[in-house]
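[1] the following block contains a protein sequence and its predicted model.
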Protein chains: 2
Amino acid sequence: TRKYLHYANFLAQKRKRSNKNEKMSENGMMSRAKVLTIDTMNPTVKKVEYAVRGPIVARAVELERELSEGMKKPFSEVIKANIGDAHAMGQQPITFFRQVLALCSYPELLSDSTFPEDAKSRACSILNSCGGNSMGSYSPSQGIESVRQDVARYIERRDGGVPCDPDNIYLTTGASDGIVTMLKLLVCGEGATRAGVMISIPQYPLYSAALAELGAVQINYYLNEEKFWSLDISELQRALDEARLYCNPRALCIINPGNPTGQVQSRECIEDVIRFAAQERLFLMADEVYQDNVYAEGCQFHSFKKVLFEMGPEYSETVELASFHSTSKCYMGECGFRGGYMEIINMDDDVKAQLTKLLSVRLCPPVPGQALMDLVVNPPQPGEPSYERFIKERTATLSTLAEKAKLTEQVLNTVQGISCNPVQGAMYSFPRITIPEKAVKEDMGQQPDMFYCMKMLEETGICLVPGSGFGQREGTYHFRMTILPRTDKLKILLNKVQEFHLKFTQQYS
Amino acid sequence: TRKYLHYANFLAQKRKRSNKNEKMSENGMMSRAKVLTIDTMNPTVKKVEYAVRGPIVARAVELERELSEGMKKPFSEVIKANIGDAHAMGQQPITFFRQVLALCSYPELLSDSTFPEDAKSRACSILNSCGGNSMGSYSPSQGIESVRQDVARYIERRDGGVPCDPDNIYLTTGASDGIVTMLKLLVCGEGATRAGVMISIPQYPLYSAALAELGAVQINYYLNEEKFWSLDISELQRALDEARLYCNPRALCIINPGNPTGQVQSRECIEDVIRFAAQERLFLMADEVYQDNVYAEGCQFHSFKKVLFEMGPEYSETVELASFHSTSKCYMGECGFRGGYMEIINMDDDVKAQLTKLLSVRLCPPVPGQALMDLVVNPPQPGEPSYERFIKERTATLSTLAEKAKLTEQVLNTVQGISCNPVQGAMYSFPRITIPEKAVKEDMGQQPDMFYCMKMLEETGICLVPGSGFGQREGTYHFRMTILPRTDKLKILLNKVQEFHLKFTQQYS
């Protein structure tokens, strides 16, 4: 290894160099220009933005490192409230799910008497559906057949008996994978006939990122902050009419319950959206990953699929719909397993064949994630040994989330200059913040809410995502904060936000 | 559920309908044209082809179903030798890996005394690197830091001390994910300046599929079948010179050991390739997922990274290289977990920042796959309780594969009209087959080797992939067959192939 010492030293120096722009040149060998540079790389990739893991999170990670190296900071820990990462915030996994995953990973455990029988039988049935009885085998590209059947039965139960065909179920690598795949099918055209996709503002930035990368036109429709972030059909119509002048609108994306805005759509509103999509000939994409995360009284989750079918054959046999679910949210919060599914309704058979072909190139979604999805749609049933524990764990998680949703809204609304809509569902609050004129003017080259959040991070260790990363009406400012921290920590966090906001307001008034 | 009976019936009828072109029309509601049709969908998706899971596999799945329904066939089981799916073919997972995965999935097992101590300590260190000590948390988008460090140490050991910076390691969702991501960064330009990527013919069809989807130009260079599928620099030069007339060649992809062709590149040849890439300013992509699968005497795996660094700073500090590895192949064969990594060398810092940003949109690779990758690069060490069992299992798998590689070559070469190069490495044979003129002429709208393979499937139940799915010199025909079936089954399979080939030749002579 001696002969590489110079390179090892070089790497060490490179790591230390703080000036990013300094070029490697110690022996003059770097004169040959690179093949791949910022000027010659794929231009659409450069347009991609994803605030949830943007510069503010990079700085939070740096701060954590600095703290661990003993550097003095005005706080003792970084609290990452930027992302819906439940287990990282201390939420415990559902015991039954993890027992079955352990059994599937190491089937020798099937003879271990400490595992409950229902966990064992669930593991056996998953393994029987895997090639060679191993999670290490590829599954069909559309996903394991028995899992798709379980998903279909789950959807039928959820939707009060509306039939579901397992052929319409595609297992995915998290919901993101399904959403990007559907968008990929939809894009086409150039110039004034380029495909356009309607997304809510504020939105979850996966949508804008995927559209940028695919070169499609992003059509913004604004949610109504004054009415609990609800969706107005007149605003959809305005956005669509304007967009028709410069692109070919093809799809309408809805996130319900809302991310980052936490609203839960009424049944009536969903009907209106479906009618609008039918009339305007738009492919509907319903992001329903927070379907179990509904907290506010009087609110209830209605799936687009169910409403569509209750509207009768005029709609149920014509409107094209893809809906998305995931193992990452709800009460399980298993983000790391990257499990998910999509259901597609009324998709043209030839397009469906193309979809299946496209997915086959990537071979299959991760099998442990498929197994987990199977457990989510087919949890312990009454009478089975794990049922009570499962219900207890699920209920505890969901009711704690409901408390935290309420707490967050209440505390934030006590702060002058912060106003927060009820967190009816999902996992985030998206309060509006008043940023003093002086602060708006002071920062240059940075959005005022990015300036605000970055300052909060440096002073308090709290990592939030500025509203500009999700989109907001011009001149308004927000941040997104998860409600996931443990209740005691959430209280501290909310107090710190309060203190910071007051101080910031004073400083720039 | 009663009111949906008509839809349930409708679904049942739809499933039964054999005529694909029949349109849904029972109540006249289908008159409204679909938004998304084969004519209005993304045209680049339509160009994608992936033979490894193409029509022949779809037919194989159908045949399996027909068999299970009791239909008479000239065979009693379908043998899928189309894909490198080791566990599905009966290969057993490495015990240690699965123990650690079970412990990580269900950490209660850490107090179970039947698990070896090294498995427990490995599980603890993985869990300590996960947010909230749970595999259910998102990891950083680039992958868990400690896993990237372990990967870097593995590469340093493998490459005799060439240093590796964990900052250059990106964990991926299988190798495919890394390859597609790198290609995505490289594409740019329009018309005569459109990015071109050089790939071997025969190739693994992920490459052609990704290039089609990204709208890049595929530049074919042919491997030399007469010389054990080796790579000639003069052929690279020919292909490049021709391509420069109509596109902007930017990258050169190498698969070593070769898929589907099974050759192992000599050190000399790798040096030549690196010199060629440096001189012609091409970004090098080395697909090295079969790095442990080398069987032939006198053959040895040399990583592109190692050779690059042994060529001195003129190359090691300038040539841009991405190399790919995976948990799916070698002795572990854990395809379902979708684990992998890529190492990038000499990538421009700004481009690297763009790469990290792009990956963040998809959040992270599956954490169980990352954990598994960690175990592959950091297996039990001498002195640890699981060491002997690990070595025994690994050796058994690799030596069985070596036997099967030899057996496959030998048996196929006894058949008149089949000639098979040595399977020096990887997991496939890619023999050349003589197809009689009459058969070449008979089939219309189907490649002759597809006709041959489809007929073999119908008559013997053996599922192979025709050479046309990988590319081959015009007028030559091949098939790809994995060497993975259990030895006893492989013998039966090879005999059946032999019988079929003779019968086919007679029939069309």
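    Cool, the structure landed. Numbering: from 1, shown residues only, chains lettered A, B, ... in the order given.
[2] for the rest of this, base every contact and every neighbour count on C-alpha atoms.
    Will do.
[3] neighbouring contacts of stretch A:239-258?
    Here stretch A:239-258 makes contact (C-alpha atoms under 8 Å, 6 or more residues apart in numbering or on different chains) with A:186, A:191-200, A:217, A:219-221, A:263-265, A:277, A:281-291, A:293-294, A:301, A:424-426, B:35.
[4] can you flag which of those belong to strands?
    Counted as lying in strands by DSSP state E, out of the contacts of stretch A:239-258, are A:195-200, A:217, A:219-221, A:283-287.
[5] among those residues, which are in reach of chain B?
    Subset of the ones in strands among the contacts of stretch A:239-258 in contact with chain B: residue A:283, counting by C-alpha under 8 Å from any C-alpha of the partner chain.
[6] which of the ones in strands among the contacts of stretch A:239-258 are buried?
    Buried by 16 or more other C-alpha atoms under 10 Å in any protein chain shown: A:195-200, A:217, A:219-221, A:283-287, out of these.
[7] closest to chain B among the residues you listed?
    Distance to chain B, by C-alpha to the nearest C-alpha, is smallest for residue A:283 among these, at 6.2 Å.
[8] the nearest residue to the closest one once chain neighbours are set aside: how many residues sit nearby?
    Once flanking residues are discounted, residue A:283 sits nearest to residue A:251: 4.3 Å by C-alpha to C-alpha, 6 or more residues apart in numbering or on different chains. For residue A:251, the neighbour count with other C-alpha atoms under 10 Å in any protein chain shown is 27.
[9] doesn't residue A:251 lie inside a helix?
    No: counting by DSSP: H, G, I helix; E, B strand; the rest coil, residue A:251 is not part of a helix but strand.
[10] how close does it sit to residue A:302?
    As judged by C-alpha to C-alpha, to the nearest Å, residue A:251 and residue A:302 stand 20 Å apart.
[11] how close does the nearest residue to residue A:464 once chain neighbours are set aside sit to residue A:457?
    Leaving out its chain neighbours, the residue that sits closest to residue A:464 by C-alpha to C-alpha, 6+ apart is residue A:82, at 4.6 Å. For residue A:82, the distance to residue A:457 equals 11 Å [C-alpha to C-alpha].
[12] same question, residue A:435
    Look at residue A:435 and residue A:457: by C-alpha to C-alpha, they are 16 Å apart.
[13] ditto for residue A:111
    50 Å.
[14] which of these two has more residues huddled nearby?
    Using other C-alpha under 10 Å, the more surrounded residue of residue A:111 and residue A:457 is residue A:457, with 23 against 10.
[15] helices or strands next to the helix or strand hosting residue A:122 in the packing?
    Using DSSP states H and E, residue A:122 sits within helix A:117-128. In terms of contacts (3 or more C-alpha pairs under 8 Å, 6 or more residues apart in numbering or on different chains; DSSP states H and E), helix A:117-128 is packed against helix A:95-105.
[16] how far out from the middle of the chain is the helix it packs on?
    In terms of C-alpha atoms, centre = their mean, to the nearest Å, the centre of helix A:95-105 is found 25 Å from the chain centre.
[17] next, the angle from it to helix A:117-128.
    If you take axes from the mean of the first three to the mean of the last three C-alpha atoms, to 10 degrees, helix A:95-105 sits at 40 degrees to helix A:117-128.
[18] what's the mean pLDDT across helix A:95-105?
    The average pLDDT within helix A:95-105 is 98.
[19] kindly export it (C-alpha atoms) in CSV.
    The C-alpha coordinates for helix A:95-105 follow below in CSV (Å, rounded to 0.1, in the frame of the first residue of the first chain):
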residue,chain,number,x,y,z
THR,A,95,-44.0,-5.8,16.5
PHE,A,96,-45.9,-8.2,14.3
PHE,A,97,-44.5,-6.7,11.1
ARG,A,98,-41.0,-7.0,12.3
GLN,A,99,-41.5,-10.5,13.6
VAL,A,100,-42.7,-11.7,10.2
LEU,A,101,-39.8,-9.9,8.4
ALA,A,102,-37.3,-11.6,10.7
LEU,A,103,-38.9,-15.0,10.0
CYS,A,104,-38.8,-14.3,6.3
SER,A,105,-35.2,-13.2,6.5
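[20] do it and chain B meet at all?
    Yes: counting by C-alpha under 8 Å from any C-alpha, chain B is contacted by helix A:95-105 at A:95, A:98-99, A:101-103, A:105.
[21] list the buried residues in that helix.
    Of the residues in helix A:95-105, those with enough neighbours to count as buried (16+ other C-alpha under 10 Å) are A:95-105.
[22] the helices in the stretch 51-200 of chain A, which residues?
    Along the stretch 51-200 of chain A, counting by DSSP state H, counting those that start in this stretch, helices occupy A:55-68, A:95-105, A:117-128, A:145-158, A:174-186.
[23] single out the most deeply packed of these.
    helix A:95-105 (a mean of 25; mean count of other C-alpha atoms under 10 Å in any protein chain shown).
[24] list the helices and strands that helix packs on?
    Packing contacts for helix A:95-105, counted by 3+ C-alpha pairs under 8 Å, 6+ apart, involve helix A:117-128, helix A:367-377, helix B:95-105.
[25] go again with 10 Å.
    helix A:117-128, helix A:367-377, helix A:387-413, helix B:95-105 (3 or more C-alpha pairs under 10 Å, 6 or more residues apart in numbering or on different chains; DSSP states H and E).
[26] for chain B, see how far away the closest residue to residue A:431 other than its chain neighbours is.
    Closest residue to residue A:431 apart from its sequence neighbours, by C-alpha to C-alpha, 6+ apart: residue A:420 at 4.2 Å. As for residue A:420, its distance to chain B is 27 Å (criterion: C-alpha to the nearest C-alpha, to the nearest Å).
[27] hang on, the earlier thing: same list, the helices and strands packed on helix A:95-105, but as JSON lines with distance to residue B:397 please.
    Conversion of those to JSON lines gives the following (distance: least, C-alpha to C-alpha, whole Å):
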{"stretch": "helix A:117-128", "distance to residue B:397": "22"}
{"stretch": "helix A:367-377", "distance to residue B:397": "23"}
{"stretch": "helix A:387-413", "distance to residue B:397": "40"}
{"stretch": "helix B:95-105", "distance to residue B:397": "13"}
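[28] out of the ones you listed, nearest to residue B:235?
    Of all the helices and strands packed on helix A:95-105, it is helix A:367-377 that lies closest to residue B:235, at 40.7 Å by C-alpha to C-alpha.
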